[in-house]
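Asker: could you look at this predicted model? Sequence included:
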Amino acid sequence: MRRLHALHITQGANFSAGWAEIIRSYLSHGFAMEALLVYTQNLPFRTQQSFLPLILKICASHYLLVLGKSLHSESIKAGTVHELLTGTTLVSMYSKCKKITLARKVFDEMPVKNLVTYNSMIGGYSMNGDLVSASALFHLAPGRTPVTWAVMIEGYAGIENLVAAREMFNSTPPWMKTVVTWTVMIHGYAANGEMDAARELFEEMPVKNAYVWSSMITGYFKRGDACEAKALFNRIQTPNLINWNSLIAGFAKMGFCEESLEAFRQMQGFGIEPDEFTIASVLSTCSQLGSIDSAREVHEFIRRKKIKMNIFVNNGLVDMYAKCGDLDKARGIFDAMIIRNDSCWNSMISGLASHGRSDEALELFSQMEASEVKPNSVTFLVVLSACTHAGFLEQGLQIFGSMHKYGLKAGVEHYGCLVDLFSRAGRLADAYNVIKMMPMKPNEVVWGTLLGACRVYLDMEMADQVVLEANNTNISISSVNDAEYVLLSNIYAASEKWERAENIRRKMMENKLSKTPGCSRIGLGETKQQSNVAFS
């Protein structure tokens, strides 16, 4: 690819044709961003509009709205905006970038529209959850294709209106009920956890493709039924990469690390090469294992197999190294990334915070706020946890108070961090007041946090109040867990309230509760052979 690029740069005779060939080559090999870079950096070539629809598709898939608008302006100047293919692609681009009003404006201004144009606009409404407008346009369309029916079914399933989705599926004419239509309906059931309905329709499906098998496998994993997911996978005569990816990812998400790695090994045994989605799941597995040797080995595997380093792989590497304790390696990969999403920022901030580097975590959070990627609820939970463990009370309060700037509402976990902040600082009355002002019902974890602080600071009066309040909110201290009994007993014992401590112990015996013994696990002599089984 590099030789091709250099060859055309040196040929000045046919400049535009050379760059056009480079773009074709990049796109045909899956290097969309490289094709986009060539297009945007060569102004003389950009006056030619033959590649505009292809470049707009790249903008849509990568949500590059600013560039898409710029290309829209260029097409207006060039007089090609009303061409059928250009207009249809603009409708699709704006829809995928969630600018549905702009998409409809382009649609309405097009002098000529075909069924693909209508499908793009209907699909735009559907993917943005506006099924009223989608349905209205569906009935106005001059005709329908199998895609028209499929996007409507998918739209209703996307807003969890499975009854309407099934009605649309049942109304689809038999000659338009293709494998895609069946797949969309079954996926709608599976994605919404309706596995019985999905299974019934799946068994009726005349011809099954790889995607519907994967939807079913993923659906069972999502329901927590790994056995049924594996059994369904075993029914596939010749599983392809999509099917293997569903199996490997499903095991990884359920925490079945050994099963995930074994599936990865078996896939390679069948001669199927992994892609970046496979690797993302394997990286997640290594993160859960926390093995730095496995982490380094999978990274070497990526290099050896020349796996495409997209944002998912890079995110996985950052998360894996951070959780395995190699923060310098994680930070090196993070800093080298050109494009970062919120998940990547969260992984790096979390890694720093969980390893006691709270100052760096907060500094990185400030950098995130200054970037184009804005923090989400998970980000704030991670940063508040960093403040909690470091005892940064004032910073934690400021960060908690800034959530509204991003249109975020604090959840029970965020309030729990606030309670923990005050509790660790010994300000138990403030922690109690936070619990009382929470807009949602406090759970046993929140009450348990304050109760733990009562033991540390020997505040028996507050401990009694916690028990009373917990009971008043129907979270009886006896319904929480045995740890709360032990904690409360220790508080009374530390305050030399032996009678109360004994009463708590008696309640434990009456409820047949006992203190759960602590345990630890360490890895002894982790061998290379274990890793090589997966990363062959």
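Answerer: Right, received. Where do you want to start?

Asker: C-alpha from now on. contacts and neighbour counts both.
Answerer: Noted.

Asker: list the helices and strands the helix or strand harbouring Gln395 packs on?
Answerer: Per DSSP states H and E, Gln395 falls inside helix 393-401. Judged by 3 or more CA pairs under 8 Å, 6 or more residues apart in numbering; DSSP states H and E, the packing partners of helix 393-401 are helix 377-390, helix 412-424.

Asker: for the ones you listed, give me a markdown table that also has distance to Ala136 and mean pLDDT.
Answerer: Shown next, in a markdown table, are the helices and strands packed on helix 393-401 (distance: least, CA to CA, whole Å; pLDDT from 0 to 100):
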| stretch | distance to Ala136 | mean pLDDT |
| --- | --- | --- |
| helix 377-390 | 36 | 93 |
| helix 412-424 | 40 | 93 |
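
Asker: possible to save these as CSV with distance to Glu34 and mean neighbour count?
Answerer: Shown next, in CSV, are the helices and strands packed on helix 393-401 (distance: least, CA to CA, whole Å; neighbours: other CA atoms under 10 Å):
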stretch, distance to Glu34, mean neighbour count
helix 377-390, 31, 22
helix 412-424, 41, 23
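
Asker: among those helices, which is nearest Met185?
Answerer: helix 377-390 (31.6 Å; CA to CA).

Asker: that older thread, could I get the helices and strands packed on helix 393-401 in JSON lines, plus columns for distance to Phe202?
Answerer: Output for the helices and strands packed on helix 393-401, formatted as JSON lines (distance: least, CA to CA, whole Å):
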{"stretch": "helix 377-390", "distance to Phe202": "36"}
{"stretch": "helix 412-424", "distance to Phe202": "39"}
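
Asker: which residue is the nearest non-sequential neighbour of the residue nearest to the spatial centre of the chain?
Answerer: Nearest to the geometric centre of the chain sits Ser343, at 7.3 Å (CA atoms, centre = their mean). Counting by CA to CA, 6 or more residues apart in numbering, Asn315 is the residue found nearest to Ser343 once chain neighbours are left out, at 7.1 Å.

Asker: in terms of contact, does Val382 touch Leu352 like I think?
Answerer: No. Using CA atoms under 8 Å, Val382 is not in contact with Leu352, being 9.9 Å away.

Asker: any chance you could map the helices in the stretch 301-450 of the chain?
Answerer: Assigned helices in the stretch 301-450 of the chain, in chain order: 311-323, 327-336, 342-354, 358-370, 377-390, 393-401, 412-424, 428-437, 444-456 (criterion: DSSP state H, counting those that start in this stretch).

Asker: mean confidence for the second one?
Answerer: Mean pLDDT, helix 327-336: 95.

Asker: residues touching it, excluding its own?
Answerer: The contact list for helix 327-336 (CA atoms under 8 Å, 6 or more residues apart in numbering) reads Asn314, Leu317, Val318, Asp319, Met320, Tyr321, Ala322, Cys344, Met348, Gly351, Leu352.

Asker: kindly export stretch 331-349 (C-alpha atoms) in CSV.
Answerer: Written as CSV, here are the backbone C-alpha positions of stretch 331-349 (Å, rounded to 0.1, in the frame of the first residue of the first chain):
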residue,chain,number,x,y,z
ARG,A,331,-0.2,5.6,29.4
GLY,A,332,2.2,5.2,26.5
ILE,A,333,-0.5,3.6,24.3
PHE,A,334,-3.1,6.2,25.5
ASP,A,335,-0.9,9.2,24.6
ALA,A,336,-0.1,7.8,21.2
MET,A,337,-3.7,7.4,20.2
ILE,A,338,-5.0,10.0,17.7
ILE,A,339,-8.6,9.3,18.4
ARG,A,340,-9.9,8.6,21.9
ASN,A,341,-13.5,7.9,23.0
ASP,A,342,-14.9,8.2,26.5
SER,A,343,-14.2,4.5,27.2
CYS,A,344,-10.5,5.0,26.6
TRP,A,345,-10.4,8.1,28.9
ASN,A,346,-12.3,6.2,31.6
SER,A,347,-10.0,3.2,31.4
MET,A,348,-6.9,5.3,31.8
ILE,A,349,-8.3,7.5,34.6
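
Asker: wait, isn't the residue nearest to the centre of the chain in contact with Leu317?
Answerer: No. Between Ser343 and Leu317 there is no contact under CA under 8 Å: 11.9 Å.

Asker: for Ala263, which non-adjacent residue is closest in space?
Answerer: Ile248 (6.0 Å).

Asker: point out the other helices and strands that the strand or helix carrying the one you found packs with.
Answerer: In this structure, Ile248 sits in helix 241-253 according to DSSP H and E. Under the contact definition 3+ CA pairs under 8 Å, 6+ apart, helix 241-253 sits against helix 210-223, helix 226-234, helix 257-269, helix 276-289.

Asker: the shortest one vs helix 210-223, what angle?
Answerer: For the pair helix 226-234 and helix 210-223, the angle between their directions (axes from the mean of the first three to the mean of the last three CA atoms, to 10 degrees) equals 170 degrees.

Asker: buried residues, helix 226-234. List them.
Answerer: For helix 226-234, a neighbour-count test (16 or more other CA atoms under 10 Å) marks Ala226, Ala229, Lys230, Phe233 as buried.

Asker: what's the farthest-apart pair in these?
Answerer: Ala226 and Phe233 (10.4 Å).

Asker: find the nearest non-adjacent residue to Arg340, please.
Answerer: The spatial neighbour of Arg340 that comes closest, neighbours along the chain excluded (CA to CA, 6+ apart), is Ile311 at 7.0 Å.

Asker: which ones are touching Leu201?
Answerer: Neighbours of Leu201 in contact, by CA under 8 Å, 6+ apart: Ile186.

Asker: scratch that, Lys177
Answerer: Lys177 touches Pro146, counting by CA under 8 Å, 6+ apart.

Asker: angles on the backbone of it, please.
Answerer: For Lys177, the backbone dihedrals are phi -90, psi 80 (criterion: degrees, to the nearest 10).

Asker: need the pLDDT of it.
Answerer: For Lys177, the pLDDT comes out at 96.

Asker: and Thr449, by the same measure?
Answerer: pLDDT recorded at Thr449 is 86.

Asker: distance-wise, check the closest residue to it other than its chain neighbours relative to Pro206.
Answerer: Nearest residue to Thr449 in three dimensions, chain neighbours excluded: Asp420, at 6.3 Å (CA to CA, 6+ apart). Distance, Asp420 to Pro206, by CA to CA, to the nearest Å: 56 Å.

Asker: give me the buried positions along stretch 132-143.
Answerer: For stretch 132-143, burial by neighbour count (16+ other CA under 10 Å) applies to Ala134, Ser135, Leu137, Phe138, Ala141.

Asker: again with stretch 67-79
Answerer: Across stretch 67-79, burial judged by 16+ other CA under 10 Å covers Gly68, Lys69, Leu71, His72, Glu74, Ser75.

Asker: between the residues you listed, which sits nearest Ala210?
Answerer: Gly68 (32.8 Å).

Asker: contacts for the host helix or strand of the closest one, please.
Answerer: Of the helices and strands defined by DSSP H and E, Gly68 is found in helix 65-78. Contact with helix 65-78 is made by Thr47, Gln49, Leu52, Leu56, Cys59, Ala60, Val81, Leu90, Met93, Tyr94, Cys97, as judged by CA under 8 Å, 6+ apart.

Asker: quick check, distance from it to the centre of its chain.
Answerer: Distance of helix 65-78 from the chain centroid (CA atoms, centre = their mean, to the nearest Å) equals 31 Å.

Asker: list of residues touching the helix or strand following that helix?
Answerer: Counting by DSSP H and E, the next helix or strand C-terminal to helix 65-78 is helix 84-96. Helix 84-96 is contacted from outside by 52-53, 56-57, 59-61, 63, 65, 68, 72, 80-81, 100, 102-104, 106-107, 110, 112-114, 116-117, 120-121, 124-125, 127-128, using CA under 8 Å, 6+ apart.

Asker: pull out the buried residues from stretch 357-367.
Answerer: Buried, per 16+ other CA under 10 Å, within stretch 357-367: Arg357, Ser358, Ala361, Leu362, Leu364, Phe365.

Asker: give the contact list for the residue nearest to Ala263.
Answerer: With CA under 8 Å, 6+ apart, Ile248 has these contacts: Glu259, Ser260, Leu261, Ala263, Phe264, Thr278, Ser281, Val282.
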